[in-house]
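Trainee: Turn this into a structure:
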Amino acid sequence: MDINILKEQLSSKIFPEPKHDGKTKLASVLVIIYGTEPKVIMIEKSKKLNIHAGEIAFPGGKWIEDDNDLLETALRETGEEIGLNVSRKNVIGQFENVVTLNSGFTISSFLSILDDVPQLKISSEVKSILHVPLIPLLETLSDDQDPNHKSIQEMYKFTYKDDVIWGASARILKHLANRLSI
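Mentor: Below is the predicted model:
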């Protein structure tokens, strides 16, 4: 799929303001698609983390009060985790928020489509960086229900090589697939 077609189909308004009730934990991620044969950047989180250890996810993290908004959180965390500094002007869309079941975060996900990415570097929070072919990944969508997670209607999984992408990351990928009519 051509990168310009992706930009056209995935562009949307951005609402980065945190809606904070004092109880909700907020986080945001950056979905980065790049290249002529579009790939999406995902990370395998370090197994040493307290939450979401070892999971396949998008770069991002917890909103802090020093962040002006949730987009700034996603951009800051992406820079910290994988050494990629993305400009606000390169963010072209936003997906519906998703909620993590176990850790209780509401995650805002923003989209950036780049021509290419430079060499990336891993932080201590990241075990590895994955450059996943986008369309083949989206075509692995499965809605097999996990009997351990019956409390939410939207349970999906995607596979990449031997990795299973599930939970909030899979719901974000499903939103992406829906916009592309895959």
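
Trainee: Find the centremost residue of this protein, please.
Mentor: Nearest to the geometric centre of the chain sits residue 58, at 3.5 Å (Cα atoms, centre = their mean).

Trainee: Mind telling me what element the nearest residue to that one once chain neighbours are set aside is part of?
Mentor: Using Cβ to Cβ, 6 or more residues apart in numbering and skipping the chain neighbours, the partner closest in space to residue 58 is residue 29 (3.9 Å). In this view, the C-beta of every residue, glycine as well, is placed from N, C-alpha and C. Per DSSP states H and E, residue 29 falls inside strand 25-34.

Trainee: What residues of that strand count as buried?
Mentor: Going by neighbour count (16 or more other Cβ atoms under 10 Å), the buried part of strand 25-34 is 26-34.

Trainee: which of these lies closest to residue 135?
Mentor: Nearest to residue 135 among the buried residues of strand 25-34 is residue 33, at 10.6 Å by Cβ to Cβ.

Trainee: gap between the closest one and residue 111?
Mentor: 7 Å (Cβ to Cβ, to the nearest Å).

Trainee: hey, what's in contact with both of the two?
Mentor: residue 10 (Cβ atoms under 8 Å, 6 or more residues apart in numbering).

Trainee: In the chain, where is pLDDT below threshold?
Mentor: 20-22, 49-53, 144-154 (pLDDT under 70).

Trainee: circling back: turn the buried residues of strand 25-34 into a markdown table, columns for distance to residue 46.
Mentor: Output for those, formatted as a markdown table (distance: Cβ to Cβ, whole Å):
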| residue | distance to residue 46 |
| --- | --- |
| 26 | 22 |
| 27 | 17 |
| 28 | 19 |
| 29 | 16 |
| 30 | 18 |
| 31 | 20 |
| 32 | 19 |
| 33 | 24 |
| 34 | 24 |
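
Trainee: Okay then, goodbye and thanks.
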